[in-house]
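Enquirer: no sequence on this one, just coordinates:
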């Protein structure tokens with residue numbers, strides 16, 4: 001079981017993890033939606049495609065664009081469709 005936490009709060013938890021380039025991709029359904037806010041940010045990865053982002057809000061604090069996902073990943077990255085990964089201080093650890 002992997003767990004993603006930020007500011008001491010569990011953001012996501014799952015046994016169903018796909019690891020790509022050292023990043024743990026959780027099923028989007030594992031996200032605790034009460035902490036997630038939409039973002040207008042997009043970036044492009046040469047082999048995965050266009051990434052979209054969510055920001056986190058926990059205890060009145062905001063972590064902009066701390067969650068990313070690929071809504072329509074390339075065929076080479078199809079294993080991460082419907083999954084999210086974390087950065088910007090979000091800690092992913094064994095639960």
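Expert: Nice, I can see it. As the structure is a prediction and not an experimental result, all values here were calculated from the model.

Enquirer: quick one: contacts of stretch 50-59?
Expert: 6-7, 9, 11, 31, 35-39, 41-45, 62-72, 84, 90 (CB atoms under 8 Å, 6 or more residues apart in numbering). Heads up, the C-betas are built off the backbone N, CA and C, glycines and all.

Enquirer: again, but for stretch 18-31
Expert: Contacts for stretch 18-31 (CB under 8 Å, 6+ apart): 2, 4, 11-14, 16-17, 48, 54, 67, 69, 77, 79-80, 82-87, 92.

Enquirer: First residue to last residue on it, what's the distance there?
Expert: Using CA to CA, to the nearest Å, the end-to-end distance of stretch 18-31 comes to 15 Å.

Enquirer: Mind checking which of the contacts of stretch 18-31 are in strands?
Expert: The members of these that map onto strands under DSSP state E are 2, 4, 11-14, 54, 67, 69, 83-86, 92.

Enquirer: tell me the two of those residues that are most distant?
Expert: Across the ones in strands among the contacts of stretch 18-31, the longest distance by CB to CB is 17.9 Å; it joins 2 and 54.

Enquirer: Which one's more surrounded, the two?
Expert: Shown here are residue 2 and residue 54; by other CB atoms under 10 Å, residue 54 has more neighbours (23 against 18).

Enquirer: Which residue is the nearest non-sequential neighbour of that one?
Expert: Nearest non-adjacent residue to residue 54, counting by CB to CB, 6 or more residues apart in numbering: residue 67, 4.1 Å away.

Enquirer: Okay, the nearest residue to residue 41 once chain neighbours are set aside and residue 70: tell me how far apart.
Expert: Distances taken as CB to CB, 6+ apart place residue 53 nearest to residue 41, at 4.3 Å, with adjacent residues excluded. Residue 53 sits 11 Å away from residue 70, going by CB to CB, to the nearest Å.
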